[in-house]
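K.L.:
Whatever this is, show me its structure:
(2 chains)
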Amino acid sequence: MAITYDAIRRATADLYAWSLRTVPDDAVAALRAALDTETAEQARKVLRFMLTAAERAKSDDTYLCTDAGVPSYDVKIGTAARIDGDIRQAIVDGFADLCATAEPPILKFVTNPLTNQRSFAGKDMPLVTWDVASGADHVEMTCSPKALGTGRWASIETFVSPSLETIERHVMECVLKAGSQPCPPVVVGVGIGGTFDIAAKLASKATLRRLGTINPEPILADMERRLFEAINATGFGPMGTGGDTTALGVHIDYASGHGYTPVAVCFNCWINRRTRARIHDSGEIERCE
Amino acid sequence: MTVTPAVQDDLPRLSVPLSRGDARNLALGDVVRLDGEAIVTIGMPTHQRIMAHVAEEKPLPFDLGGAAFFHLSVCSRETPAGGAEPLYVNPTTSTRFNPYLPTLIRRFALSATAGKGGLDMDCARAMQEVGCVYFSMMGGASPLLSEGVAAIVETAWDDLIMQFRLTRVRLAGFGPLTVAIDAHGRSLYDDLARNARAKLPDILAKLNAGRAAAR
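P.N.:
Numbers count the residues shown, from 1 in each chain, chains lettered A, B, ... in the order given. Got it, this is the predicted structure:
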């Protein structure tokens, strides 16, 4: 038994289709918790509509957003997994399957940045990050299609030996710049250190962490709590029309690096699209999120 | 799509295109549903093409005079009869169209605009001049918004991808929508951005205090 081209191809299409219809349960729980603490009546209305939309996407088996996003996958290959077939090609073909068969159809969002032409295919599509998991005998795939609403607010700035104060102030500036626009309440991802590319990846992956989990690094756990309160004090509120609920969570990760310290900040909108599955060598696709 | 019981709530219903009176009576924060007809697109090329038509004084495929013009994405399917049925809809961020909207609002005396994320104060001033509002649609609430789009009346500029086409839609209980820029030059977005900026020194001071206490 091995993990086959066919299994990865199927998982690629399934994960995407699921992600378009699902607000993850931790995000739903966070929206409900926000409803308990939100003091602005207008914002409470918007939060209730969001919860209704999440339920209806599930009960009606339909999409939350018209923007199907740019196809993005994180793939972790277990070092004990046996692979049979070209799984890189399987992801390309699985995404093509999705575009051809999605019901209802998805719109064209894959964009050539040189011409701004949009289609269902393009250079380096889907975007895949490959990683290795020590000891695991499966392949784990996360699909998090990123749409324009939040994607456009991601940024990175490189500091030299910044203090925590400098980092936190920078995060707040990014939050103020995005303001009402990234479909709040958002999950804010922050990546600190490493190199330019690593910081961006850390921030992006941090948004995928389950809401309500505690950061194992105490300095960052404290920073997450502080920034969560600070961001919710800005007042942008649900859908950016005012309220106490601008963020559902702040997730930060870091890597050691040099004295130059890139700080990446990115956002996930309230529907917090992400799905994850393990592909086992029995051919089973085990949906985890 | 059919209108299901979910839209039969107690939100006020207005007809679009709005009368100037209706537009001017709306207040920031009002939550409403709409019936009637709107012209929608999310295309940057579409806005640029409209601007070119305006500059050359060429007629548009449909009259935008007094219209409800929304930044709404529509996915539709062709019907055997040769028309199109709406499948699902959702708004896009309006702010990227800030450079074009003041011209369009004034030139066509639009009565309503809509999208998510807002428009800038140049747009708000143009809206005040002509008596036009901006409705915030909820991004990610496609299941709710879609059931309020009863039909696609017609599309134009079909050389563009589906969501960029200029599309006339018939609305029936479309919403919920929040009035976020009124017809009197007031903008929730501008208020919130300025408040947040004004609060920032206090917010940063609290961050500093929290950090000092954590040590």
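K.L.:
Spell out which residues of the stretch 1-150 of chain A are next to chain B.
P.N.:
Counting by C-beta under 8 Å from any C-beta of the partner chain, the stretch 1-150 of chain A comes close to chain B at A:42, A:45-46, A:49-50, A:52-53, A:56-57, A:60, A:62-67, A:104-108, A:116, A:118, A:148-149. Heads up, the C-betas are built off the backbone N, CA and C, glycines and all.
K.L.:
same thing but 7 Å
P.N.:
Contact residues (C-beta under 7 Å from any C-beta of the partner chain) of the stretch 1-150 of chain A with chain B: A:42, A:45-46, A:49-50, A:52-53, A:56-57, A:60, A:62-67, A:104-105, A:107-108, A:118, A:148-149.
K.L.:
Can you flag which of the residues you listed belong to strands?
P.N.:
A:Arg118 (DSSP state E).
K.L.:
Any of the residues of the stretch 1-150 of chain A next to chain B buried? List them.
P.N.:
Taking 16 or more other C-beta atoms under 10 Å in any protein chain shown as the criterion, what is buried in the residues of the stretch 1-150 of chain A next to chain B is A:42, A:45-46, A:49-50, A:53, A:56-57, A:62-67, A:105, A:107-108, A:118, A:148-149.
K.L.:
Let's see which of the residues of the stretch 1-150 of chain A next to chain B end up in helices.
P.N.:
A:42, A:45-46, A:49-50, A:52-53, A:56-57, A:148-149 (DSSP state H).
K.L.:
ranges for the helices of the chain?
P.N.:
By default, I'm working from chain A. Under DSSP H, chain A gives helices at A:5-19, A:25-37, A:41-59, A:87-101, A:148-151, A:164-178, A:196-206, A:218-232.
K.L.:
Hmm, no, I was thinking of chain B.
P.N.:
Secondary structure of chain B (DSSP H): helices at B:20-25, B:44-55, B:101-108, B:121-130, B:142-146, B:188-214.
K.L.:
Need the contact partners of the first one.
P.N.:
Think helix B:20-25. B:14, B:111-112, B:131-133, B:183 (C-beta atoms under 7 Å, 6 or more residues apart in numbering or on different chains).
K.L.:
could you redo the last one with a cut-off of 10 Å?
P.N.:
Helix B:20-25 is touched from outside by B:14-19, B:32, B:66, B:68, B:109-112, B:127-128, B:130-133, B:179, B:182-184, with contacts defined as C-beta atoms under 10 Å, 6 or more residues apart in numbering or on different chains.
K.L.:
Any buried residues in that helix, and which?
P.N.:
So for helix B:20-25, counting by 16+ other C-beta under 10 Å, buried means B:22-24.
K.L.:
same question, the fourth one
P.N.:
Judged by neighbour count (16+ other C-beta under 10 Å), helix B:121-130 contains these buried residues: B:121, B:123-124, B:126-128, B:130.
K.L.:
and the nearest residue to B:Asp122 once chain neighbours are set aside, what does it touch?
P.N.:
Leaving out its chain neighbours, the residue that sits closest to B:Asp122 by C-beta to C-beta, 6 or more residues apart in numbering or on different chains is B:Pro102, at 4.9 Å. For B:Pro102, the contacting residues are B:119-127, B:129, by C-beta under 10 Å, 6+ apart.
K.L.:
Repeat the analysis, applying 8 Å as the threshold.
P.N.:
Neighbour list for B:Pro102: B:122-123, B:125-126 [criterion: C-beta atoms under 8 Å, 6 or more residues apart in numbering or on different chains].
K.L.:
mind checking pLDDT for residue 152?
P.N.:
No chain was given, so I picked chain A. With respect to pLDDT, A:Arg152 has a value of 95.
K.L.:
that's the wrong chain, I wanted chain B
P.N.:
97.
K.L.:
That one bridge partners, please.
P.N.:
B:Ile152 forms beta bridges with B:Val169, as assigned by DSSP bridges.
K.L.:
I'd say it and B:Leu87 touch.
P.N.:
No - using C-beta atoms under 8 Å, B:Ile152 is not in contact with B:Leu87, being 9.9 Å away.
K.L.:
any common contacting residues for those two?
P.N.:
Here B:Ile152 and B:Leu87 have B:Ser76 as joint contacts, going by C-beta under 8 Å, 6+ apart.
K.L.:
With respect to chain A, which of the contacts of B:Pro102 is nearest?
P.N.:
B:Cys123 (14.0 Å; C-beta to the nearest C-beta).
K.L.:
OK, contacts around the closest residue to A:Val23 other than its chain neighbours?
P.N.:
Distances taken as C-beta to C-beta, 6+ apart place A:Ala54 nearest to A:Val23, at 3.9 Å, with adjacent residues excluded. By C-beta under 8 Å, 6+ apart, the contact list for A:Ala54 reads A:23, A:27-28, A:31, A:64, A:271.
K.L.:
Can you get me a residue count around the closest residue to B:Val153 other than its chain neighbours?
P.N.:
Leaving aside its chain neighbours, B:Val153 sits nearest to B:Arg168 (4.0 Å; criterion: C-beta to C-beta, 6+ apart). Look at B:Arg168: counted by other C-beta atoms under 10 Å in any protein chain shown, it has 17 neighbours.
K.L.:
before we move on, back to that, are any of the contacts of helix B:20-25 buried, and if so which?
P.N.:
Buried among those by 16+ other C-beta under 10 Å: B:14, B:16-18, B:32, B:66, B:68, B:109-112, B:127-128, B:130-133, B:179, B:182-183.
K.L.:
which ones among the residues you listed are found in strands?
P.N.:
Those of these lying in strands (DSSP E): B:14, B:16, B:32, B:68, B:112, B:133, B:179.
K.L.:
tell me which of those is nearest to A:Asp244?
P.N.:
For those, the minimum distance to A:Asp244 (C-beta to C-beta) is 20.5 Å, reached by B:Val179.
K.L.:
Is that closest one in contact with B:Val32, as I believe?
P.N.:
Yes - between B:Val179 and B:Val32 there is a contact at 7.2 Å, judged by C-beta under 8 Å.
K.L.:
Return the distance of A:Pro104 relative to B:Met162.
P.N.:
A:Pro104 sits at a distance of 12 Å from B:Met162 (criterion: C-beta to C-beta, to the nearest Å).
K.L.:
cool, B:Pro12 as well?
P.N.:
From B:Pro12 to B:Met162 the distance is 32 Å (C-beta to C-beta).
K.L.:
Just want to know which of these two has more residues nearby.
P.N.:
B:Met162 (19 against 11).
K.L.:
how about A:Gly283, what does it touch?
P.N.:
By C-beta under 8 Å, 6+ apart, the contact set of A:Gly283 is A:1, A:4, A:6-7.
K.L.:
one step back: quick one: the residue nearest to B:Asp122 from B:Thr92, how far?
P.N.:
19 Å.
K.L.:
for chain B, which spans come out with low pLDDT?
P.N.:
Chain B contains residues with pLDDT under 70 at B:1-8.
K.L.:
try 50
P.N.:
When residues are selected by pLDDT under 50, those of chain B lie in B:1-6.
K.L.:
centroid residue for it?
P.N.:
A centroid search over chain B (C-alpha atoms, centre = their mean) returns B:Ala114, at 1.2 Å, as the residue closest to the centre.
K.L.:
re earlier: please tell me which one of the contacts of A:Gly283 counts the most neighbours.
P.N.:
A:Ala7 (23 neighbours).
K.L.:
Was I right to think that one contacts A:Arg278?
P.N.:
No - in this structure, A:Ala7 is not within contact of A:Arg278 by C-beta under 8 Å, at 10.7 Å.
K.L.:
Tell me the residues that contact both of these two, please.
P.N.:
With C-beta under 8 Å, 6+ apart as the test, A:Ala7 and A:Arg278 both reach A:Ile285.
K.L.:
No more questions from me, cheers.
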